[in-house]
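Visitor: Sequence plus the predicted model coming up.
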Amino acid sequence: MSRFGVLSLLLGLALVAAEYDYDGYRIYELRPANAEQGELLYKLSQQGYDFLNLRRLLGQSSRVIVSPDQLENFEKLLSEQQLSHSLINENLGATIAEEFAQRQVQRRLSPISGKGRLSTDRYYTHEEITNYINDLADRFPSRVFLKTVGWSYEKRELKTITITNGDRRANKKVIFMDGGFHAREWISPAAVLYVIEQLVEKFDENAELLKDYDWIVLPVANPDGYEYTQTGTLARLFRKTRQPYKLLGQTCYGADPNRNFDFHWNEEGASSNPCSDTFAGPQPFSEPETQVVRDILHTYADRGIMYLTIHSYGNYLLYPWGWTSELPETWQDLDDVARAGGDAIKEATGTDYEVGSSTNVLYIAAGASDDYAFYAGFNISITMELSGGGITGFDPPASKIDEFVTETWIGIRAMAEKVIEKY
Ligand SMILES: *[C@@H]1O[C@H](CO)[C@@H](O)[C@H](O)[C@H]1NC(C)=O
Ligand SMILES: [Zn+2]
């Protein structure tokens with residue numbers, strides 16, 4: 001067999017393996033009827049069930065992926081616990097493969113034209129995003145500044161973009177925003193890019209937001225994971241970083257960057273199992289990507305007023321604490337800002353965002369970046385969980401990106417205005 005023949009055979013096998021992986025996996029929607037059932041969902045999430053979103057409160061619904069291996073036990077549990085549920089998808093593998101094929105078509109239809117604005121027609125790679133911010137710095141040299149802040153585990157360059165109004169005044173207050181912590185949450189970098197575009201290219205409309213504040217943005221905090229999810233159907237739902245960890249001869253990849261921060265690290269809501277989606281890492285800041293965010297937070301702590309981290313999905317505006325159900329002394333300030341965002345979105349589009357502390361409205365999760373930023377000195381620290389889309393929630397179709405990111409900007413803008421008014 002020719003070398004090419006061997007190669008295509010291997011590629012063929014790889015494709016078969018990739019498509020096989022979520023083959024027969026199901027998605028269920030679960031609706032807890034009491035607090036006990038809510039707790040049960042949380043326990044399942046700690047026991048290897050992959051929850052696409054976990055909402056434990058009454059009247060809310062959660063989505064969970066169930067593998068063929070888990071199915072028998074899972075169905076037994078459903079009937080024993082009389083848990084209200086519906087089957088949302090019977091073959092996740094097929095659905096993801098279909099979405100993947102559609103995206104390939106989309107990429108060909110909407111190539112990057114080189115310089116200039118990015119459209120909201122599709123999702124972009126880390127490299128395309130980096131090229132875009134490089135181009136912005138070239139086009140707006142008096143208002144846009146780039147800085148290499150570190151390297152990912154796989155040696156991708158992490159760059160922040162600092163956006164100013166060009167008046168050269170030093171030591172302004174700072175709003176720091178990041179996206180792409182979790183690899184599969186593709187709408188997050190898309191939303192962050194849109195914010196950058198508004199502040200830079202639509203400067204005239206947003207000059208007030210830059211008068212006394214500089215905005216510093218890290219568009220993709222976890223580029224290795226983000227790139228990995230774009231390699232094929234097998235990888236689409238990957239969440240963590242890409243540093244390998246061994247457990248009993250098995251290799252699992254990555255830590256959950258949002259459990260890896262050194263503040264109540266590896267306490268409740270984080271896992272010590274490298275194969276878990278919420279693996280806290282072998283020690284705090286084991287991941288180069290979280291070290292980068294940590295260093296940015298410390299660099300700007302004395303003038304950092306708001307930290308904003310963009311995730312999906314679930315429609316939440318969350319503030320500290322995530323490690324305890326107790327609230328910080330200044331929770332009312334956090335609540336004011338988050339609520340300003342939620343109210344603005346509600347008024348503009350009708351979409352509901354739930355506002356509150358992470359532990360109280362979502363679930364306890366120690367070691368997250370928002371707790372760390374608040375502890376490091378940012379007076380306002382907010383995790384924004386955008387709306388879900390597609391069958392998994394992480395797949396809003398490309399045709400929806402524009403709607404999602406413009407809505408997100410309305411919320412972010414309103415929160416920034418509230419911050420500027422208060423501080
Ligand atoms: C941030 O919060 C601290 C503690 O509540 C307060 O002392 C400080 O004045 C606040 N910073 C600003 C810029 O208002
Ligand atoms: Zn996330």
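Guide: Arrived safely, thanks for sending. All of these numbers come straight from a predicted model, not from anything done at the bench. Numbering: from 1, shown residues only. Ligands and ions are numbered 1, 2, ... in the order given.
Visitor: wait, what's in contact with the most centrally placed residue in the chain?
Guide: Centroid-nearest residue in the chain, with CA atoms, centre = their mean: His311, separated by 3.0 Å. Remark: with contacts taken as CB atoms under 8 Å, 6 or more residues apart in numbering, His311 is in contact with Phe181, His182, Glu185, Ser188, Asn258, Thr383, Met384, Glu385, Leu386. (Each C-beta comes from the backbone N, C-alpha and C, glycine too.)
Visitor: Excluding residues flanking it in the chain, which one is nearest the last one?
Guide: Spatial nearest neighbour of Leu386, excluding adjacent residues (CB to CB, 6 or more residues apart in numbering): Ser312 at 4.3 Å.
Visitor: Next: the fifth one.
Guide: The shortest distance from Asn258 to any residue other than its chain neighbours is 4.8 Å, reached at Ala368 (CB to CB, 6+ apart).
Visitor: check contacts around that neighbour.
Guide: Counting by CB under 8 Å, 6+ apart, Ala368 makes contact with Asn258, Arg259, Phe261, Gly322, Trp323, Ser358, Thr383.
Visitor: Mind checking which of these are in strands?
Guide: Those of these mapping onto strands are Thr383, per DSSP state E.
Visitor: top of the contacts of Ala368 by neighbour count?
Guide: Comparing those by number of neighbours (other CB atoms under 10 Å), Gly322 comes first, having 32 neighbours.
Visitor: Leaving aside the residues adjacent along the chain, what's closest to it?
Guide: Leaving out its chain neighbours, Gly322 is closest to Ser358 (CB to CB, 6+ apart), at 3.6 Å.
Visitor: shouldn't the one you found be in contact with Ser369?
Guide: No. The pair Ser358 / Ser369 is not scored as a contact, 11.1 Å apart, by CB atoms under 8 Å.
Visitor: so what sits against both of these two?
Guide: Jointly contacting Ser358 and Ser369 under the rule CB under 8 Å, 6+ apart are Thr383.
Visitor: can you give me the helices in the protein?
Guide: In the chain, the helices defined using DSSP state H lie at 3-21, 35-46, 68-81, 92-109, 126-139, 187-201, 203-206, 223-228, 288-300, 331-349, 369-376, 401-422.
Visitor: Looking at whichever residue of the stretch 1-150 of the chain sits closest to ligand 2 now. What's its pLDDT?
Guide: Here the stretch 1-150 of the chain gets closest to ligand 2 at one residue, Asn53, 9.9 Å apart by CB to the ion. Turning to Asn53, the model gives it a pLDDT of 87.
Visitor: gap between it and Leu83?
Guide: Applying CB to CB, to the nearest Å, the value for Asn53 to Leu83 is 16 Å.
Visitor: Looking at these two now, which is surrounded by more residues?
Guide: Of the pair Asn53 and Leu83, Asn53 is the one with more neighbours under other CB under 10 Å, namely 21 against 17.
Visitor: Mark out where each domain of this structure begins and ends.
Guide: Using automatic domain parsing, the domain parsing of the chain gives 3-90, 115-229+278-422.
Visitor: Could you list the contact residues of this structure toward ligand 1?
Guide: Residues of the chain lying close to ligand 1 by CB under 6 Å from any ligand atom are Ile305, Thr330, Asn379, Tyr423.
Visitor: What is the most widely separated pair among these?
Guide: By the measure CB to CB, Ile305 and Thr330 form the most distant pair in the residues of the chain next to ligand 1, at 12.3 Å.
Visitor: coming back round to it: against ligand 1, how distant is the residue nearest to Gly322?
Guide: 19 Å (CB to the nearest ligand atom, to the nearest Å).
Visitor: before we move on, what about Gly350?
Guide: Distance, Gly350 to ligand 1, using CB to the nearest ligand atom: 33 Å.
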